[in-house]
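Q: Give me the fold of what follows.
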Amino acid sequence: MTESSKSKVHKSELFQDPTVPGPTTEELSALATRLNYSLSDDELKQCHSLITGALKGFNRLDHLVEPTLPVKYPRTPGYRPTAEENPYHAWYWKSTIKGADSGKLSGKKIAIKDNVMVAGVPMMNGCRALEGTIPDVDATVVTRLLDAGGTILGKATCENLCYSGSSFTTGYGPVLNFHDQTRSAGGSSSGSAVLVMAGEVDMAIGCDQGGSIRTPSSWSGCVGLKPTWGLVPYTGAGCMEPTLDHIGPMARTVHDCAVMLEVIAGYDDGLDHRQHPNIEVPEYSKEIEVNNLNGMKIGILQEGFGFNVSEEAVDRIVREAAQKLTSVGAKVEDVSIPMHKHSSRIMTGLGEGVYHCMLRGSLHGLGYRGYYPTNSMKTSGAALRHDTKHLSPTFKCTMLRGAYLNETYHGQYYGRCQNLGRLLRQAYDDVLKDHDVLIMPTNPFVAHKLPIEGEMTFEAHVTFSQGLMQNTMAANVTGHPALSINAGWVGKLPVGMMIVGKHWDETTVLKVARAHENIMGSQ
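A: Next comes the predicted model:
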């Protein structure tokens, strides 16, 4: 080859380390056996050639820059706080990020749950297997909070892969209840609730797949709202199961919760497949300031009371709080949704989807149009398969159950439970045709004691993590908005009251919560 011909070699002809090397014939044979495919040696050889040829095309894709999420505000990586700075173990990481000079959240201090991406700031998602992960994007809600003038102070501790309703599973020790440090703060948005109640922040982001905003709000005494499914974009947050994922506000007051919702709600230009493009976001904070609830009908859901684990005081306090709403003009009566009792069983079947999303889909799932955080998928996927000693018993149990259902019944029971979820939604909708909201205890009992070293068996771990969400799970299946607010006290422990509303009617849910807040404040 002459010197002149050498200079004319196209870049595509130069050697490049393969992006995806492709399987060996031995690996391909093993995969074929697993899938019960019978291939002759010659067919296997031909298949190997076709696959490796197709994968070479990925080298060309490496030259294309994939679209990403904006990072608009400067920040430093921050630091892990000392024990003295972190008495409740509620902070995972501290890093101050100042937003716009003005806006609805100007002057507000905010914590972000540690399964939500903040570019350049470490993210562990409660699990040591993911320690060292540093996102390269800001989640959409993070950008919206900063655009509105908020100041982010860091990442709030969350439970191990967000898979616990209690607060003892995170990698760096239990999150302690603000009111009694021997008790659980609730999970999985445990740190978010405690930082709000401790006054270290004004508000916090939480995520909710089975009660993970509402349970810590209930056991810590703050206001926490799981919005209508799809109202707030989940873009840039660690996914559990796309049909269950919700992200929402947590704050000390209903007003702050409403303002935060105004800021983070709304369509995300197709980046989150959970959303439709015609979402309307009212000024909730203005619309909830009413003097009465005249004309409203409130249903007390009978099936939300009297579980075998329910505490009589919790049931009584929530009923009394609901009845007091008659003093501001509401009509309050008992209603029944028998299928509510089946919501936990439906959630069990949907665990197969959790297995697909978290383990097979590397915490972000597959099979949808929208934004994929590919760097996070690479690190998370490898960690969840190889650093398994740091995965919690609850997570392992769910993954094994999901894998069993998938390999034995091939998605049948996942599909069945999604279909039954439509019936549960319809059952709620039927009652909500004649009622503005429904009320029940957020959790059937107050915060339990944190487990003691040496007492935690595998089974106990799962029971402590999941045996408290009897009422919260239904709204994740149906997608209805549901808010927890403090209804009263058992000793020094708060009792959460859950208010469930119609789809896209957060305004009414917040109005009822605001009326209750005013009644409590006047006592």
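
Q: quick one: which helix or strand includes V314?
A: Element membership for V314, per DSSP states H and E: helix 312-323.

Q: Check which residues of that helix are buried.
A: Using 16 or more other Cβ atoms under 10 Å as the test for burial, helix 312-323 gives 313-315, 317-319, 321-322. (Each C-beta comes from the backbone N, C-alpha and C, glycine too.)

Q: Next, the distance between the ends of stretch 442-459.
A: One end of stretch 442-459 sits 24 Å from the other (Cα to Cα, to the nearest Å).

Q: now it: how far from the chain's centre is it?
A: Relative to its chain's centre, stretch 442-459 lies at 21 Å (Cα atoms, centre = their mean, to the nearest Å).

Q: Which parts of that stretch count as buried, going by neighbours?
A: 442-448, 450-451.

Q: Spatially central residue in this protein, please.
A: C207 (2.9 Å; Cα atoms, centre = their mean).

Q: Can you tell me the element that one falls in?
A: strand 203-208.

Q: Next, count neighbours for N160.
A: 26 (other Cβ atoms under 10 Å).

Q: next one: G521
A: Counted by other Cβ under 10 Å, the residues lying close to G521 total 8.

Q: got it, and T140?
A: 26.

Q: residues contacting it?
A: By Cβ atoms under 8 Å, 6 or more residues apart in numbering, the contact list for T140 reads 69, 233, 235-236, 268, 271-272.

Q: ok, so of those, who is nearest G173?
A: G236 (27.0 Å; Cβ to Cβ).

Q: so where do the strands sit in the stretch 351-500 of the chain?
A: Here the stretch 351-500 of the chain has its strands, by DSSP state E, counting those that start in this stretch, at 437-441, 482-490, 493-501.

Q: what about the shortest one, distance to the chain center?
A: Between the centre of strand 437-441 and the centre of its host chain there is 22 Å, according to Cα atoms, centre = their mean.

Q: what's the angle from that strand to helix 312-323?
A: Calculated by axes from the mean of the first three to the mean of the last three Cα atoms, to 10 degrees, strand 437-441 forms an angle of 160 degrees with helix 312-323.

Q: How about residues contacting strand 437-441?
A: 296, 298-301, 303-305, 310, 314-315, 318, 321-322, 335, 428, 431-432, 471, 495-501, 508-509, 512.

Q: re the thing from before, out of the buried residues of helix 312-323, which comes closest to C162?
A: V314 (24.8 Å).

Q: Which residue, other than its chain neighbours, is closest to G187?
A: Leaving out its chain neighbours, the residue that sits closest to G187 by Cβ to Cβ, 6 or more residues apart in numbering is E159, at 4.1 Å.

Q: no wait, Y73
A: Using Cβ to Cβ, 6+ apart, the nearest residue to Y73 is L146, at 5.0 Å.

Q: Can you list the buried residues in stretch 361-380?
A: Result for stretch 361-380 [16+ other Cβ under 10 Å]: buried residues 361-365, 370-373, 376-377, 379-380.

Q: Same list (those residues) but as CSV, adding distance to V263.
A: Shown next, in CSV, are the buried residues of stretch 361-380 (distance: Cβ to Cβ, whole Å):
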residue, distance to V263
G361, 29
S362, 29
L363, 25
H364, 24
G365, 26
G370, 21
Y371, 20
Y372, 25
P373, 22
S376, 24
M377, 28
T379, 30
S380, 28
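
Q: picking that back up, check whether the residue nearest to Y73 really touches A139, as I assumed.
A: No: contact criterion Cβ atoms under 8 Å: L146 and A139 do not qualify, at 10.9 Å.

Q: So these two - more neighbours on which side?
A: A139 (28 against 25).

Q: returning to what we had before: of the contacts of strand 437-441, which count as buried by neighbour count?
A: 296, 298-301, 303-305, 310, 314-315, 318, 321-322, 335, 428, 431-432, 471, 495-501, 508-509, 512.

Q: mean confidence score for the longest helix along the chain?
A: The longest helix of the chain (DSSP state H) is helix 412-432. Computed over helix 412-432, the mean pLDDT rounds to 98.

Q: any chance you could map the helices in the stretch 251-400 of the chain?
A: Using DSSP state H, counting those that start in this stretch, the helices of the stretch 251-400 of the chain run over residues 254-264, 284-287, 312-323, 343-354, 374-386, 393-409.

Q: now swap in the stretch 1-150 of the chain and tell me
A: Listed from the start of the chain, the stretch 1-150 of the chain has helices (DSSP H, counting those that start in this stretch) covering 3-7, 25-34, 41-55, 57-61, 140-147.

Q: Any idea which of those helices gets closest to N292?
A: Nearest to N292 among the helices of the stretch 1-150 of the chain is helix 140-147 (32.5 Å), distances taken as Cβ to Cβ.

Q: What residues of the closest one count as buried?
A: Neighbour counts using 16+ other Cβ under 10 Å place 140-147 of helix 140-147 among the buried residues.

Q: Return the distance of K98 relative to L293.
A: Counting by Cβ to Cβ, to the nearest Å, the separation of K98 from L293 is 39 Å.

Q: now V318
A: Taking Cβ to Cβ, one finds V318 at 17 Å from L293.

Q: where does the stretch 401-523 of the chain have low pLDDT?
A: 523 (pLDDT under 70).

Q: Let's have the buried residues of helix 140-147 in a markdown table, adding pLDDT.
A: As requested, the buried residues of helix 140-147 are exported to a markdown table (pLDDT from 0 to 100):
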| residue | pLDDT |
| --- | --- |
| T140 | 98 |
| V141 | 98 |
| V142 | 98 |
| T143 | 98 |
| R144 | 98 |
| L145 | 99 |
| L146 | 98 |
| D147 | 98 |
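
Q: Now render the residues you listed as TSV, adding distance to W229.
A: Compiled in TSV, those are given as follows (distance: Cβ to Cβ, whole Å):
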residue	distance to W229
T140	16
V141	15
V142	20
T143	21
R144	18
L145	21
L146	25
D147	24
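
Q: What is the neighbour count of the residue nearest to G187?
A: Other residues lying near E159 total 34 when counted by other Cβ under 10 Å.

Q: where are the low-confidence patches of the protein?
A: In the chain, residues with pLDDT under 70: 1-9, 11-12, 523.

Q: circling back to that earlier point, hey, C-alpha coordinates of the longest helix of the chain in PDB?
A: Taking C-alpha atoms only, helix 412-432 is exported to PDB below (Å, rounded to 0.1, in the frame of the first residue of the first chain):
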ATOM      1  CA  GLN A 412     -49.900 -15.700  33.200                       C
ATOM      2  CA  TYR A 413     -50.300 -14.600  36.800                       C
ATOM      3  CA  TYR A 414     -48.700 -11.200  36.200                       C
ATOM      4  CA  GLY A 415     -51.300 -10.600  33.400                       C
ATOM      5  CA  ARG A 416     -54.100 -12.000  35.600                       C
ATOM      6  CA  CYS A 417     -53.200  -9.600  38.400                       C
ATOM      7  CA  GLN A 418     -53.000  -6.600  36.000                       C
ATOM      8  CA  ASN A 419     -56.500  -7.600  34.800                       C
ATOM      9  CA  LEU A 420     -57.700  -7.900  38.400                       C
ATOM     10  CA  GLY A 421     -56.200  -4.500  39.100                       C
ATOM     11  CA  ARG A 422     -58.600  -3.000  36.600                       C
ATOM     12  CA  LEU A 423     -61.400  -4.500  38.600                       C
ATOM     13  CA  LEU A 424     -60.000  -3.000  41.800                       C
ATOM     14  CA  ARG A 425     -59.700   0.400  40.000                       C
ATOM     15  CA  GLN A 426     -63.300   0.200  38.800                       C
ATOM     16  CA  ALA A 427     -64.500  -0.800  42.300                       C
ATOM     17  CA  TYR A 428     -62.800   2.400  43.700                       C
ATOM     18  CA  ASP A 429     -64.200   4.500  40.800                       C
ATOM     19  CA  ASP A 430     -67.700   3.200  41.500                       C
ATOM     20  CA  VAL A 431     -67.600   4.400  45.100                       C
ATOM     21  CA  LEU A 432     -65.900   7.700  44.100                       C
END
